[in-house]
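Undergrad: Model the following, please.
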Amino acid sequence: MDIGSLFDSALLDGHYSPRIFAYYFKHWNGYDMAFHRHDSTEIMYVIHGSCAVEWQEERKAVASARLGKGEFILLDAGVLHRLVVEGSCRMLNVEFGFAPHKGELPSVKTFAEEDASLRELLAVRRASMTLQDPDEVYHALKSLVLELDYQGGEGKMLDRMLLMQLLIRIGRLRTETERSFAPQAGQYVKASIAYLVQNYDRPLTVKDVAASVNLHPGYLQRIFKAQTNRTMIEYLTDIRIEKAKMLLERTDVPVADISDYVGAGSRPYFHALFKKHTSMTPVEYRMAMGKQRFAGNDFSEEKSEDF
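TA: Now for the predicted structure:
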């Protein structure tokens, strides 16, 4: 039986050969793709320009990554995803999976037994993986696509060899990336959180935060999520909600102005966001907190301590 996922345990237990399902080179201009999924694993590589990829993770949470030149995302089989291009973007895409082993080429399992990075890659079991390429993956991917073009799209032994080379290079790039940045990751995340806390009251983007710590946005997003179990946007939203709650509880700032104080965008958006996180509108929250404070016997003392 064929396998579509790169992270299926059967690849390390049984013997399978790689198989190309589809590939294409595309130049997009202002494109907004509908959410869809494949029965195969997909590599989306940005050659020029930029794009955003959104996908659904566990518990139906939607994650996103902005990819620039030399970056690629690997999406596992069955993952709901879509591509969004606001300007222009030139991409190389390959969809692949695995078939029961036959022929002279060693199986995926055999390659993994010889290469620790490939073995670790196959054992990751993730919905997605985004990496910055120093050109090695691009050259392997380009060689694979050129060979497929030469064959007229018919898969043969050479394209399977090139696909295995591509997977080995991705595995090694993943290992090198984690080894290079793991010791500093905690410090980068701490510095990013400090920047969010200091600047939550103004419009912020991931690029702003990444620039403040001199990291690529895509990489910072990955280590931030790994360290905090939240995206930067989720973390920033939590900060803004907590600041809004404090202003509603302890100050007389008009409810209509709270969104401006915490940098949360338009009033309707902020009110909807606040209710989503607290199950109350800002007005309801202020009234509820006011009743709790007045219910105490030492309100005046509490107020003097707050101020």
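Undergrad: Please enumerate the helices of this protein.
TA: Secondary structure of the chain (DSSP state H): helices at 10-13, 108-114, 116-122, 136-150, 157-199, 206-213, 217-228, 232-250, 258-261, 267-278, 282-295, 299-306.
Undergrad: Dump those into a markdown table; add distance to A99 as well.
TA: C-beta: built from backbone N, CA, C; applies to glycine. Conversion of the helices of the chain to a markdown table gives the following (distance: least, CB to CB, whole Å):
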| stretch | distance to A99 |
| --- | --- |
| helix 10-13 | 11 |
| helix 108-114 | 10 |
| helix 116-122 | 16 |
| helix 136-150 | 16 |
| helix 157-199 | 10 |
| helix 206-213 | 39 |
| helix 217-228 | 31 |
| helix 232-250 | 40 |
| helix 258-261 | 55 |
| helix 267-278 | 45 |
| helix 282-295 | 57 |
| helix 299-306 | 67 |
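Undergrad: Out of these, which gets the lowest mean score?
TA: Ranked by mean pLDDT, the helices of the chain end with helix 299-306 in last place, scoring a mean of 36.
Undergrad: want to throw the helices of the chain into TSV with distance to E86 and mean neighbour count?
TA: As requested, the helices of the chain are arranged in TSV below (distance: least, CB to CB, whole Å; neighbours: other CB atoms under 10 Å):
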stretch	distance to E86	mean neighbour count
helix 10-13	37	16
helix 108-114	37	18
helix 116-122	31	19
helix 136-150	23	18
helix 157-199	24	17
helix 206-213	14	17
helix 217-228	15	19
helix 232-250	18	18
helix 258-261	25	19
helix 267-278	20	16
helix 282-295	32	14
helix 299-306	45	10
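Undergrad: Point out the one among these that comes closest to F25.
TA: Nearest to F25 among the helices of the chain is helix 136-150 (6.7 Å), distances taken as CB to CB.
Undergrad: so what secondary structure elements neighbour the closest one?
TA: With contacts defined as 3 or more CB pairs under 8 Å, 6 or more residues apart in numbering; DSSP states H and E, helix 136-150 has these neighbours: strand 16-29, strand 41-49, strand 88-100, helix 157-199.
Undergrad: let's go with 10 Å and repeat that
TA: Packed against helix 136-150 by the contact rule (3 or more CB pairs under 10 Å, 6 or more residues apart in numbering; DSSP states H and E) you find strand 16-29, strand 41-49, strand 71-75, strand 88-100, helix 157-199.
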